[in-house]
Structures are given as C-alpha cells and as structure tokens.
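K.L.:
got a predicted structure here, sequence first:
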Amino acid sequence: MLAACNFEVPSSSYLAETKLLTVLIEVVELGELNPDRVGVPSDVPMAEAMPHDRLAFEAYVVDRNGVRIPSAELDSLWFQCGTLDCGEALLDSPLLDRDCSELEDAGLAWDMDVICRLGRGDGVFEFQLPELGQLMTEQRVGTYHGVIAWEGRSAQSCFEARRAGDRPLDRCGFVTRAVKIGPSWWMLAYAETIGLQSPIPLPQIPAAVFLQAANRVPEPTFTVTIDGQLRGVWPEQTSFEAEPGARISIDSQYDEAKQFLQSYFLGIPVDSTGQEWLFQPASEVLGEVPYSSNAIVWTGYEPTMERPYPLTWEFVVDEYADPGTSRILLVYFDDRYGEGVATFEFEVQK
C-alpha cells in the first residue's frame, strides 16, 4: 500500500510506528477535601484533583495499525515537577533522583511544589497527591513527567538514554502531563487554613463561586459519514465499512446540557493591585487531535495542530488499498486537561 505512487503519508497524524498518543487522567478515589465537588453524579471520569486524592495516569499507546497496546505490556516511570516545566531543563537535575515517598523520612517536606520521582508502574500508575504548596496555591496546575516504554524495554533505560543524549530513543515515549488542581476557589480557602496565602483575597470571592464542581472528561459523540452517506454515530457504533478511494467525514458534537454543567468561573483582576476581582462564568474550550493508520490519511494540512471544536474531520482511503482494517483515532480534550480517545475501525473492502 505504501508503495502506491499517489498515496502521500503525513508525518504526524499517520501512525507509521508505535506511538504514545496521550496519558488519560482520572481521580479514582476522593480525599477528604470538598466532597461536594463531585457535582451532578456521573460515570464520566473526574479530571481535576485536590490534595490527598488518589490519581491515576493511564498511558494510551497504539501500534502502527492503531491497535492499543495493553497496559500490562507497558513499563512507566513518573516524576512530579510541581509547577515547573518537566522538559529538558530538568532532565539532568538530581531532584529527579529523589523518591517522593522517602523525602519525609529524610526530614524534607513532600508537598505539591516539590520535584521528585513518584514511582514506576505499567501502563496505569496510581498515587496519592501530597499536601498543597504555596506555588501550587498560586498557579493551580501541576505538571508531571512520564516515561513510557514498550516491546520489552524498561522506562528506566529510556530515561537514562535520554539523559545521556542517545538518539534514536527506540521503543520509548515521553510526556509532560498537566493536571488541573482544584476547583480553584474552594481550594484557596482551604490553603489559608493550613497557613498558605491565597493570591486572591477571600472576601473578593462570591459565595456561589465556592460551589464550582470539579472538571470531568468531555462526553462527545461523533457522526461518521462515508461518501456523503450517514453510517453511524460513535460511541454506539465503532466499526464501519469503506471502499478504496472513499472519503470519510467525522463530525464532533458535545451535548449542550452536559457542557453547561461543566461551566466554571474565571477570576479577573480589576486593577493592578490584585485586591479587587471580578468573577465571570466561562464555557470550556473543546477540541480533538486526529490520528489514522494503514489505508486512511487525514486530508488536513497541519496534522499536529490542536483545533477547537466544532469540527468536521475529513479523511480519505487510499484508492490502491488492499482489503484490510484501518483505524481513525481522535484524542478529544477540554481546556482544563480532561482527555479521552475515540477509536473508529474501518474494514476496507474491494
């Protein structure tokens, strides 16, 4: 198929090899803080955490066919970077060699501002968030770094090879994952009870703002059209049939009522003193990132660009394709770091 003269393979959205697409996050166990933040009961994962919650990172790795690699076949290594960027600047830092769980035994504080090594797992890694720190109180977005390895390689060897500047880094994936910490306003009130300073004077925060619910992963539906004919709606339908040369359109929809429940408040300073604030309701910004495999390619020009919803995604099936299975994957997200993955399977038939 790849030898077909008219088939151009994009470098970023096309799955030419095993790839780490994203890391999903979920609060799997609530701590004791602000139990009312669950809001309207829902089976959708909570993607905004507070100190003392138990948080899960789930690596989403697929092979070149778009098939997800089971978590048990992955190896992972995780670091907490506080509010700092977990990129190259911290790569050689000895702080990454400190085990978070051993800091307190050494007489050092472990809170959400500290840089340290969280631990190792397979494709799913769980840990309990430590206490709030002053920097996290001010910024309310935590950064974490994950090293993911597959096909028998260890995450530790990937990390050491990257530190040493080795290239290429075969069977390795690296990700810096932001996590929204909050809801912000209730947490600022909590911060002052443990001796931290809120960046917003608490009397400036209206009572209703303290009731903001925690963010949850978006719940999209995707309408699939092939050559102008409606073929089904994901997630109710995930498998489809297509012929070589077919054009596939996928439209994203997000339920307005559910999105209304995901509204949140923005704090806007009135002047440069930081003593007067205005709070306004805001709606989430939503979007998707496309990937495809085998006989299917995205027809867009900027494969790595994260574009806001609503969108119609256009794909084409190679007109010279042999019969077989191809897949499209859409990583959907909101602007508070909730993410999910939708998979569409297409059986290409002559």
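P.N.:
Received it, and whenever you're ready, just let me know what you need. From a predicted model like this one, the values you see are computed outputs, not experimental measurements.

K.L.:
out of everything not next to it in sequence, what's closest to Ile69?
P.N.:
Spatial nearest neighbour of Ile69, excluding adjacent residues (CB to CB, 6 or more residues apart in numbering): Val61 at 4.6 Å. To be clear about C-beta, it is placed using only N, CA and C from the backbone, and glycine gets the same treatment.

K.L.:
who does that neighbour bridge with?
P.N.:
Beta-bridge partners for Val61, by DSSP bridges, are Leu20.

K.L.:
repeat that for Val175.
P.N.:
With DSSP bridges as the rule, Val175 is bridged to Gly146.

K.L.:
quick check, it in contact with Ile25.
P.N.:
No: the criterion here is CB atoms under 8 Å, and Val175 misses it with Ile25 at 11.3 Å.

K.L.:
quick one: which of those two has more around it?
P.N.:
Neighbours of Val175 and Ile25, each counted by other CB atoms under 10 Å, are more numerous for Ile25; the result is 24 against 19.

K.L.:
hang on, Arg231 in a strand?
P.N.:
Yes: counting by DSSP: H, G, I helix; E, B strand; the rest coil, Arg231 is part of a strand.

K.L.:
need the contact list for it.
P.N.:
Contact analysis of Arg231 by CB atoms under 8 Å, 6 or more residues apart in numbering lists 224-225, 237, 240.

K.L.:
quick one on the thing from earlier: from Ala149, how far off is the residue nearest to Ile69?
P.N.:
10 Å (CB to CB, to the nearest Å).

K.L.:
which residues do those two both contact?
P.N.:
Jointly contacting Val61 and Ala149 under the rule CB under 8 Å, 6+ apart are 74, 173.

K.L.:
any low-confidence regions in the stretch 251-350 of the chain?
P.N.:
301-310 (pLDDT under 70).

K.L.:
by mean pLDDT, flag the weakest helix or strand of this protein.
P.N.:
Lowest by mean pLDDT, DSSP states H and E among the helices and strands of the chain is strand 307-308, with a mean of 53.

K.L.:
how about Asp170: what's its closest non-neighbour residue?
P.N.:
Arg153 (7.4 Å).

K.L.:
counting neighbours, what do you get for Glu17?
P.N.:
By other CB under 10 Å, the residues close to Glu17 number 9.

K.L.:
on the three-state scheme, Gln156 is what?
P.N.:
Per three-state DSSP, Gln156 ends up helix.

K.L.:
ok, the most far-flung residue of the chain relative to its centre to Pro244 distance?
P.N.:
Centroid-distance maximum for the chain: Lys350 at 37.2 Å, with CA atoms, centre = their mean. For Lys350, the distance to Pro244 equals 7 Å [CB to CB].

K.L.:
likewise Ile226?
P.N.:
Distance from Ile226 to Pro244, by CB to CB: 12 Å.

K.L.:
now what about stretch 147-154, what contacts it?
P.N.:
Stretch 147-154 has contacts (CB under 8 Å, 6+ apart) with 18, 20, 59, 61, 69, 73-78, 123, 155-159, 162, 170-175.

K.L.:
dihedrals phi and psi, Leu55?
P.N.:
Here is the backbone geometry of Leu55 (degrees, to the nearest 10): phi -110, psi 140.

K.L.:
okay, and the beta partners of it?
P.N.:
Counting by DSSP bridges, the residues bridging with Leu55 are Val27, Phe127.

K.L.:
that one: neighbouring residues, count only.
P.N.:
By the criterion of other CB under 10 Å, Leu55 has 21 neighbours.

K.L.:
go ahead and confirm it touches Val27.
P.N.:
Yes: using CB under 8 Å, Leu55 makes contact with Val27 at a distance of 5.9 Å.

K.L.:
can you give me the domain assignment for the protein?
P.N.:
As assigned by automatic domain parsing, the chain contains the domains 1-216, 220-254+285-350.

K.L.:
closest to Ser272 out of those?
P.N.:
Proximity to Ser272 (CB to CB) singles out domain 1-216 among the domains of the chain, at 13.8 Å.

K.L.:
quick one: mean pLDDT for the closest one?
P.N.:
Mean per-residue pLDDT for domain 1-216: 92.
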